[in-house]
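[1] 3D model of this:
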Amino acid sequence: MLLCISITKKSLKFFQSVYKSDFLIVSPVGLRTLLEKRRGKRKRNQSSDNSDSDSDDGTNNDDGSSSIADFLSSIESVYIDQLDVLSMQNLDHLFYILENLNCIPEQATSSTDFSRIRHWSLNGWARYYRQLIVLTSFTSPLFLSLFHRFSTNYAGQCLIQPTFPLNGFIRPLSTFNQLFQRIPVCDPTLRFNYFIEHILPRFDTSTYDHTLIYLSSYFDFVRLKNYMRTEKHKQFNYLTLSEYSTKKQILLARNIFYHREVRFLLMTERFHFYHRYRIKGIRHILFYDLPSYGHFYPEIAQFLTLPHVVDKKKTIPTAQIDEPSTCTALYAKEDALKLAYILGQTSVTDLLNSEKNTHLFTNK
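    Residues are numbered from 1 along each chain as shown. Model (predicted):
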């Protein structure tokens, strides 16, 4: 999406050329697609003396300049709304756009008014005068890294964080026990190796049939799925649900998981973000890592209270089964922000400072 707006004394004009607009309302993927299109056109123009103008996107200047992102050179204020929602898509597009802001144009056009060009802009200092405003419903190390990297205004930075709830989202969940286990690694590769060596074998028993494994990263999801599907580990009986699953695949996986003996159900965070299905038949939950959204934890954990099939003739709630349900969450010290949303600031301090690696929250 690319919406160009210009302001006059009496009206707003929409769908203007980017060179005549005052505001740009864009989606990261839409703007990057446009920049890549201009990059491809530039390569074609370099092989010929004449450059063709493309009037469809309204971004070409009067002289057919081959500059890729010259219309982003004069950006003075950037407003990123709902960064958390953008993270559920692909933040690489957003990083690409921010890296191309306030670059000095390679060529001047006939419509360029040099009397309006500031000296600090010619010196390449435009980024130090640019304002960056970011809004998000939660904080993460990745978001903080983005803000500190691209918020380069000479006046400094201002970070406003809401206070964490004292008790978090764990207190209302009183129907089953919840175990938080600290792991000594945070790197994705080291976490995966630790998981398959120490955690997964413990759940690969008949006692833990119908276990939901929740993964916040799609890359971890693919890595774990590929590990289970190899010939060496073909004994794993599992199903998958991801943001790329079709409606037919989702319906089939939910039906099989509910009516048959399946050991694991792998589910990504983006799948829950986009669909919010209430998965029935879950007896145990294992959080590979903590959810990005704090309220996702109780939403997923409440799946244990839904009914599931014990045999073909009788369906009873999970809470009434002799074998108790379990909810296990893995965390590292670097997950302090995620823990604060789930457990509350008081409990997080106790967990991180404790010498114990496991902490059990009971229903009593």
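[2] Which parts of this protein are strands?
    2-7, 12-14, 23-26, 77-80, 131-134, 178-182, 211-215, 238-241, 264-268, 284-287, 307-309, 315-317, 326-331, 358-361 (DSSP state E).
[3] Partner strands of the fourth one and their direction?
    According to DSSP bridges, strand 77-80 forms sheet pairs with strand 131-134 (parallel).
[4] From the chain's centroid, how far away is the partner strand?
    19 Å (CA atoms, centre = their mean, to the nearest Å).
[5] Go through it and flag the buried ones.
    Neighbour-count burial for strand 131-134, counted by 16 or more other CB atoms under 10 Å, picks out Leu132, Val134. Placement of C-beta: from N, CA and C, glycine included.
[6] what sits against Arg223?
    Going by CB atoms under 8 Å, 6 or more residues apart in numbering, Arg223 touches Phe192.
[7] Surely His284 touches Ile213?
    No. Checked against CB atoms under 8 Å, the pair His284 and Ile213 is beyond contact range at 9.5 Å.
[8] looking at the strands of the chain, which has the lowest confidence?
    Mean pLDDT is lowest for strand 315-317 out of these, coming in at a mean of 50.
[9] This structure: helices as residue ranges?
    Counting by DSSP state H, one finds helices in the chain at the ranges 28-46, 83-87, 91-99, 119-122, 141-150, 188-194, 200-203, 218-229, 247-259, 269-275, 296-301, 336-343, 345-353.
[10] Reformat those helices as JSON lines; add mean pLDDT.
    Listed next are the helices of the chain as JSON lines, based on pLDDT from 0 to 100:
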{"stretch": "helix 28-46", "mean pLDDT": "81"}
{"stretch": "helix 83-87", "mean pLDDT": "94"}
{"stretch": "helix 91-99", "mean pLDDT": "93"}
{"stretch": "helix 119-122", "mean pLDDT": "82"}
{"stretch": "helix 141-150", "mean pLDDT": "94"}
{"stretch": "helix 188-194", "mean pLDDT": "94"}
{"stretch": "helix 200-203", "mean pLDDT": "90"}
{"stretch": "helix 218-229", "mean pLDDT": "94"}
{"stretch": "helix 247-259", "mean pLDDT": "93"}
{"stretch": "helix 269-275", "mean pLDDT": "96"}
{"stretch": "helix 296-301", "mean pLDDT": "92"}
{"stretch": "helix 336-343", "mean pLDDT": "89"}
{"stretch": "helix 345-353", "mean pLDDT": "83"}
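[11] what's the most buried one of those?
    Ranked by mean neighbour count under mean count of other CB atoms under 10 Å, the helices of the chain are led by helix 336-343, which reaches a mean of 23.
[12] Can you give me the distance of Val29 to Leu35?
    11 Å (CB to CB, to the nearest Å).
[13] Same list, the strands of the chain, but as TSV with distance to His295 please.
    Below are the strands of the chain laid out as TSV (distance: least, CB to CB, whole Å):
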stretch	distance to His295
strand 2-7	32
strand 12-14	37
strand 23-26	29
strand 77-80	22
strand 131-134	21
strand 178-182	15
strand 211-215	14
strand 238-241	19
strand 264-268	16
strand 284-287	14
strand 307-309	23
strand 315-317	23
strand 326-331	14
strand 358-361	17
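[14] quick one, which of those strands is nearest to Gly156?
    Among the strands of the chain, strand 131-134 comes nearest to Gly156, with 11.5 Å by CB to CB.
[15] and Glu36, how far is that from Gly30?
    Taken as CB to CB, the span from Glu36 to Gly30 is 11 Å.
[16] how about the nearest residue to Phe147, chain neighbours excluded?
    Excluding the flanking residues, the one nearest Phe147 by CB to CB, 6 or more residues apart in numbering is Val134, at 5.5 Å.
[17] So what's the residue count around the nearest residue in space to His210 that is not next to it in sequence?
    In space, and not counting its chain neighbours, His210 is closest to Arg283: 4.2 Å by CB to CB, 6+ apart. Neighbourhood size, Arg283 [other CB atoms under 10 Å]: 19.
[18] Would you confirm that Arg283 contacts Phe303?
    No. Applying CB under 8 Å, one finds Arg283 not in contact with Phe303, separated by 9.7 Å.
[19] any idea what sits nearest His272, other than its immediate chain neighbours?
    Using CB to CB, 6+ apart, the closest residue to His272 is Phe296 (6.4 Å).
[20] er, Arg278 I mean
    Leu306 (6.2 Å).
[21] Look at the one you found and report its pLDDT.
    pLDDT, Leu306: 81.
[22] now do the one 4 residues further on
    The confidence metric pLDDT takes the value 53 at Val310.
[23] Over to Ser354?
    The model's pLDDT for Ser354 equals 87.
[24] repeat for Ser245
    pLDDT for Ser245: 94.
[25] what's the answer for Leu159, then?
    The model's pLDDT for Leu159 equals 91.
[26] list the contacts for it?
    Phe147.
[27] cutoff 10 Å now
    Neighbouring residues of Leu159 by CB atoms under 10 Å, 6 or more residues apart in numbering: Val134, Thr139, Leu144, Phe147, His148, Ser151.
[28] Find the nearest non-adjacent residue to Leu31, please.
    Closest to Leu31 by CB to CB, 6+ apart is Ile97, at 5.5 Å.
[29] Also Thr326?
    Nearest one to Thr326, counting by CB to CB, 6+ apart, is His284 at 4.9 Å.
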